[in-house]
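A.B. asks: Sharing a model that was predicted from the sequence below.
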Amino acid sequence: MESIIEIILELVLEGSIEASKSSKIPKPVRYLITAMIVLLFIAFIGFIFWVGVIVLNDNIPAGIFLILMGVVMTLLGVIKFIKTYLTKRR
């Protein structure tokens, strides 16, 4: 069951990312797909921050690690977004 869910999510996410880059799809649809992808990743990173803050009360090193992991994922996500969507391709 886990493999089926993983395959379906991978197909949906990879398909969405490729569709958001395609010039054959109308711009409003591409912008909507891009917004949904960004919101999904923001929710995931926000969840990591939230868990880090909760764990911080019980285990300080683990909480700091989770918060730092959230910061690193945020920075890498912003860099990847800029490279993928905001820079002009040659």
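C.D. replies: Yes, it's here.
A.B. asks: Which of the helices or strands spans Arg30?
C.D. replies: helix 27-58 (DSSP states H and E).
A.B. asks: Beyond that helix, next helix or strand please.
C.D. replies: helix 60-81.
A.B. asks: and the angle from that following helix to helix 27-58?
C.D. replies: Using axes from the mean of the first three to the mean of the last three Cα atoms, to 10 degrees, the direction of helix 60-81 lies 170 degrees away from that of helix 27-58.
A.B. asks: sorry, back to before: what's the average pLDDT for the helix holding Arg30?
C.D. replies: Regarding helix 27-58, the rounded mean pLDDT is 91.
A.B. asks: For that helix, name the packing helices and strands.
C.D. replies: helix 2-21, helix 60-81 (3 or more Cβ pairs under 8 Å, 6 or more residues apart in numbering; DSSP states H and E). Any C-beta I mention is one placed from the backbone N, CA and C, and that applies to glycine too.
A.B. asks: Can I get these in CSV including distance to Trp50 and mean neighbour count?
C.D. replies: What follows is these, written out as CSV (distance: least, Cβ to Cβ, whole Å; neighbours: other Cβ atoms under 10 Å):
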stretch, distance to Trp50, mean neighbour count
helix 2-21, 21, 11
helix 60-81, 9, 14
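A.B. asks: need the least confident one among those helices, by mean pLDDT.
C.D. replies: Note on those: helix 2-21 shows the lowest mean pLDDT, a mean of 84.
A.B. asks: how much space between the most far-flung residue of the chain relative to its centre and Arg30?
C.D. replies: Here the chain reaches farthest from its C-alpha mean at Asp58, the gap being 27.5 Å by Cα atoms, centre = their mean. Distance check for Asp58 against Arg30: by Cβ to Cβ, to the nearest Å, it reads 43 Å.
A.B. asks: Then Gly52?
C.D. replies: 33 Å.
A.B. asks: One more: Ser20?
C.D. replies: Distance from Ser20 to Arg30, by Cβ to Cβ: 5 Å.
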